[in-house]
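**Q** Need a 3D model of the sequence below.
(4 chains)
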There are 2 protein chains.
Amino acid sequence: MAIERTGRPTIRTVAEDAGVSRSAVSKVLCNAYGVSPELRARVVASIKRLDYRPQTAARAMRGRTFTWGVLASEIHNPFFADILSGIGRKLEGTPYQPLLGVSQSSHETESSLVEAMLDRQMDGLIWIAPRVTSDILHATARLVPTVFVAYHEAGSEDFDTVNVDDEKAAQLAVDHLHSMGLRKISMISVNWPDRVGAVPHLRERGYAMAMRGHGLQDLIEVMHSEESAVDVGALTARVLSRRDRPEALLCWNDAAALEALSEAKRVGIDVPHDVAIIGIDNTAFCRLEQNSLTSVDVFAEGLGENAARMLIERLDGRTTAKHILLEPQLNVRRSSSKNG
Amino acid sequence: MAIERTGRPTIRTVAEDAGVSRSAVSKVLCNAYGVSPELRARVVASIKRLDYRPQTAARAMRGRTFTWGVLASEIHNPFFADILSGIGRKLEGTPYQPLLGVSQSSHETESSLVEAMLDRQMDGLIWIAPRVTSDILHATARLVPTVFVAYHEAGSEDFDTVNVDDEKAAQLAVDHLHSMGLRKISMISVNWPDRVGAVPHLRERGYAMAMRGHGLQDLIEVMHSEESAVDVGALTARVLSRRDRPEALLCWNDAAALEALSEAKRVGIDVPHDVAIIGIDNTAFCRLEQNSLTSVDVFAEGLGENAARMLIERLDGRTTAKHILLEPQLNVRRSSSKNG
DNA sequence: ACGATCGCGTAGAACGATCTACGTGGATCG
DNA sequence: CGATCCACGTAGATCGTTCTACGCGATCGT
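**A** Next comes the predicted model:
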């Protein structure tokens, strides 16, 4: 009867095949109340026989899409890839499908990406390291369940957050360097829009607090570069070639630290003898012998898993906000060892 | 009249505001025929005033979703990130939104990811380095316009492909090593399902051809590992510690080459003096001084841009297949230089 | 002058699901 | 034994778009 535009079976096809109503099939699909075991079995058999899969676009109009939007600013940094792995692992076996949107580190693109995801009726959002202003974050979270990763706002009731303790991460780094007898510890950070709550900001604060804690407040020095690798390289090159070069360089993330290692090698400064270098994130590249980069593990995959867990809980009905803070952990390697 | 479930304006809201029919608004949205400038202006004004954006899920039921699915097996390899950058750049300013699905290097996940994208009525697919069997690729491409990147099947009429000449890439590497006077050149490759058309396979062929071209057929040696970093590391460690260690190691991609560099350093083998190491892909990490890895550029970002262009053409009506092959380019760095 | 054509706009039927409201038997209960 | 309730299943509205079919007035061609 129905003109089969495409060969694809619809809920109607299944209903006819099983000899029941569309509503009955729908009930089976949604695990709704009021379905006898026999009817369910018949419908399930038909679904299997016809190889039927519900069309998400149609479901979206009344129900859910079982689709999650994951927003990342860029994916060259393996930190994001690790988070995504965590999300993916947690979502295995669930009906949810995570889809990643990349905003290319531009906040205009980021805003329109959020809109695109809202237009597509995503059930929930996991938003990593947002760059837009806080009011946009709140407005978004009121429209759709949202979990933020790598953004701190523990007071918010509108959304959940999942983070490592970024202040502590920087502190661990400084403590370690200090315990090696180093005092002139400078930090390489990054320019970031709307800084409060942002990860670089907290890591800077942790650095400054730790320095003060060791009585090194006069040696506090935080330098900022743009995000691009060449900018980071230029800044570290400048710092390393100074006469009053620092004894140690704490880089706000591993990507910056790897650039610093590169520049040090290029100008012939020995790491760690002439300068110790330490990163944060403990991404996979730290482990490689040519880097052997001391770094503070922020358990990116765990962040992803926790974010996914938070969002599942939200979709299951939780309405109060939760804010998760993982403990960072120092991983010492050659780039900051006496016997390096 | 209509019960506003959510505050969001619909096409009906716009129609009422502009004092026209829903069809008229739809026509404006779709740039359809039969709209007077005055009506268009009125509608556009209402759209702007109400801040209306069409709901993609609803459009999907009859029309298009303006959504592209991008399939990648994993995103730790910056090669994928570069491709995605290229796609994103090309799609800026177009109405299309690319969304990335990651299959975690499992072909079961990959299949279900494709299904998820089909269920979501994506307008087109860009599928990077597929691992499922060729018949699935053809079946998919017949359902939805699909462009494959990093998969060779130049004869196919069902889909477009965008690749660098992977045979040539490996040849360039071998030629270069040979020109340095090296003869015992071994290759590190990877286990890959359904090998024909896959990138590792073609790179192996290019290697073998080049070796034969230089009369080195007796020295041809291709070793395979699993994809995981630890497996690659273990394999390279084994090779490097052999008594009859090769003079040069051609790695099928940069990720493997970086592992090889690490293992060489770990066991105290000097690169390039004791062994030259060369990768393929020329990802960003090659440039870092601690790696300084010779690599063959495959222009990943260009692959992405071309793939996006191909898909736009398809959606604009092209029905014949196109197969693009870019020229690879050798970038010599310290890991294979005499004066390294 | 009159039918054909064209340009513009609208009514209403899809699209494929979900969900509310209701009908229908059979068991339960006072 | 009749009223009530429950478990199961269905009819039909609904979601927000697009698209086809058609109406209507003005212009064109002969």
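
**Q** Now the helix or strand where residue A:200 lies: buried residues?
**A** Using DSSP states H and E, residue A:200 sits within helix A:199-213. Using 16 or more other Cβ atoms under 10 Å in any protein chain shown as the test for burial, helix A:199-213 gives A:199, A:200, A:201, A:202, A:203, A:204, A:206, A:207, A:208, A:209, A:210, A:211. To be clear about C-beta, it is placed using only N, CA and C from the backbone, and glycine gets the same treatment.

**Q** And the pLDDT for the closest residue to the last one other than its chain neighbours?
**A** Of all residues beyond its chain neighbours, the one nearest residue A:211 is residue A:220 (4.9 Å), with distances taken as Cβ to Cβ, 6 or more residues apart in numbering or on different chains. Note for residue A:220: predicted pLDDT of 98.

**Q** Surely residue A:220 is in contact with residue A:210?
**A** No: with contacts counted by Cβ atoms under 8 Å, residue A:220 stays clear of residue A:210, the gap being 9.8 Å.

**Q** Can you give me every residue that contacts the most centrally placed residue in chain A?
**A** Centrality entry for chain A: nearest residue to the mean C-alpha point is residue A:128, 4.1 Å, by Cα atoms, centre = their mean. Residue A:128 is in contact with A:70, A:71, A:72, A:73, A:80, A:83, A:148, A:149, A:150, counting by Cβ atoms under 8 Å, 6 or more residues apart in numbering or on different chains.

**Q** For residue A:329, which residues are in contact?
**A** Contacts of residue A:329 (Cβ under 8 Å, 6+ apart): A:172, A:282, A:296, A:297, A:299.

**Q** now, which of those sits nearest residue A:63?
**A** residue A:299 (34.6 Å; Cβ to Cβ).

**Q** For that closest one, give its distance to residue A:329.
**A** Distance of residue A:299 to residue A:329, given as Cβ to Cβ, to the nearest Å: 8 Å.

**Q** for residue A:26, same thing?
**A** Separation of residue A:26 from residue A:329 (Cβ to Cβ) stands at 49 Å.

**Q** Residue A:57 too?
**A** In this view, residue A:57 and residue A:329 are 44 Å apart by Cβ to Cβ.

**Q** just to revisit the earlier point, export the buried residues of helix A:199-213 as TSV, with columns for pLDDT.
**A** Below are the buried residues of helix A:199-213 laid out as TSV (pLDDT from 0 to 100):
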residue	pLDDT
A:199	97
A:200	97
A:201	97
A:202	97
A:203	98
A:204	98
A:206	98
A:207	98
A:208	98
A:209	98
A:210	98
A:211	98
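
**Q** Farthest pair within those residues?
**A** A:199 and A:211 (18.7 Å).

**Q** all strands for the stretch 51-200 of chain A, in order.
**A** A:67-72, A:97-102, A:124-128, A:146-149, A:160-164, A:185-190 (DSSP state E, counting those that start in this stretch).

**Q** Against which helices or strands is the fifth one packed?
**A** Translated: strand A:160-164. Secondary-structure packing of strand A:160-164 (3 or more Cβ pairs under 8 Å, 6 or more residues apart in numbering or on different chains; DSSP states H and E): strand A:146-149, helix A:300-315, strand A:323-326.

**Q** Just the angle for the second one relative to strand A:97-102, thanks.
**A** In terms of direction (axes from the mean of the first three to the mean of the last three Cα atoms, to 10 degrees), helix A:300-315 departs from strand A:97-102 by 120 degrees.

**Q** about what we covered before: what angle sits between the helix holding residue A:200 and strand A:185-190?
**A** Relative orientation of helix A:199-213 and strand A:185-190, computed by the same axes, to 10 degrees: 170 degrees.

**Q** What is helix A:199-213 packed up against?
**A** Counting by 3+ Cβ pairs under 8 Å, 6+ apart, helix A:199-213 packs on helix A:166-179, strand A:185-190, strand A:222-225.

**Q** Run me through the strand neighbours of the second one, direction for each.
**A** The strands beside strand A:185-190 in its sheet (DSSP bridges) come out as strand A:222-225 (parallel), strand A:248-251 (parallel).

**Q** For the last one, output the C-alpha coordinates as PDB.
**A** Presented in PDB, the C-alpha positions along strand A:248-251 are these (Å, rounded to 0.1, in the frame of the first residue of the first chain):
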ATOM      1  CA  ALA A 248      62.900  25.200  35.100                       C
ATOM      2  CA  LEU A 249      60.100  25.800  32.700                       C
ATOM      3  CA  LEU A 250      56.600  24.700  33.700                       C
ATOM      4  CA  CYS A 251      54.500  24.500  30.500                       C
END
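
**Q** Now do it: distance to the chain's middle.
**A** 23 Å (Cα atoms, centre = their mean, to the nearest Å).

**Q** Please enumerate residues in contact with stretch A:56-67?
**A** So stretch A:56-67 is contacted by A:30, A:95-99, A:120-123, B:57-58, B:60-61, B:65, B:116, B:119-121 (Cβ under 8 Å, 6+ apart).

**Q** give me the residue from the stretch 51-200 of chain A nearest DNA strand D.
**A** Of all residues in the stretch 51-200 of chain A, residue A:61 sits closest to DNA strand D, at 3.1 Å by Cβ to the nearest atom of the strand.

**Q** Quick check: residue A:8 vs residue B:71, distance?
**A** 20 Å.

**Q** Looking only at neighbour counts, state which of the two leads.
**A** residue B:71 (22 against 15; other Cβ atoms under 10 Å in any protein chain shown).

**Q** Next, count neighbours for the closest residue to that one other than its chain neighbours.
**A** Of all residues not flanking residue B:71 in the chain, residue B:127 sits nearest, at 4.5 Å (Cβ to Cβ, 6+ apart). By other Cβ under 10 Å, 28 other residues sit near residue B:127.

**Q** ok, now the one 3 residues further on?
**A** Neighbouring residues of residue B:130 were enumerated by other Cβ under 10 Å; the total is 25.

**Q** who's in contact with it?
**A** B:71, B:110, B:137, B:148, B:151 are the contacts of residue B:130 under Cβ under 8 Å, 6+ apart.

**Q** now the helices and strands packed on helix A:199-213 as CSV including distance to residue A:34 and mean neighbour count?
**A** Shown next, in CSV, are the helices and strands packed on helix A:199-213 (distance: least, Cβ to Cβ, whole Å; neighbours: other Cβ atoms under 10 Å in any protein chain shown):
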stretch, distance to residue A:34, mean neighbour count
helix A:166-179, 50, 22
strand A:185-190, 57, 24
strand A:222-225, 62, 17
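
**Q** Among those, single out whichever gets nearest to DNA strand C.
**A** The nearest among the helices and strands packed on helix A:199-213, by Cβ to the nearest atom of the strand, is helix A:166-179 at 39.4 Å.

**Q** when you scan stretch A:10-19, is anything in it near chain B?
**A** No: using Cβ under 8 Å from any Cβ of the partner chain, we find that stretch A:10-19 stays clear of chain B, coming within 11.4 Å at best.

**Q** Which residue, other than its chain neighbours, is closest to residue A:178?
**A** residue A:214 (5.0 Å).

**Q** ditto for residue A:26
**A** Of all residues not flanking residue A:26 in the chain, residue A:11 sits nearest, at 6.4 Å (Cβ to Cβ, 6+ apart).

**Q** Just give the number of residues close to that neighbour.
**A** Neighbour tally, residue A:11, other Cβ under 10 Å: 21.

**Q** Correct me if wrong: residue A:121 contacts residue B:120.
**A** No: with contact defined as Cβ under 8 Å, residue A:121 does not count as touching residue B:120 (10.2 Å).
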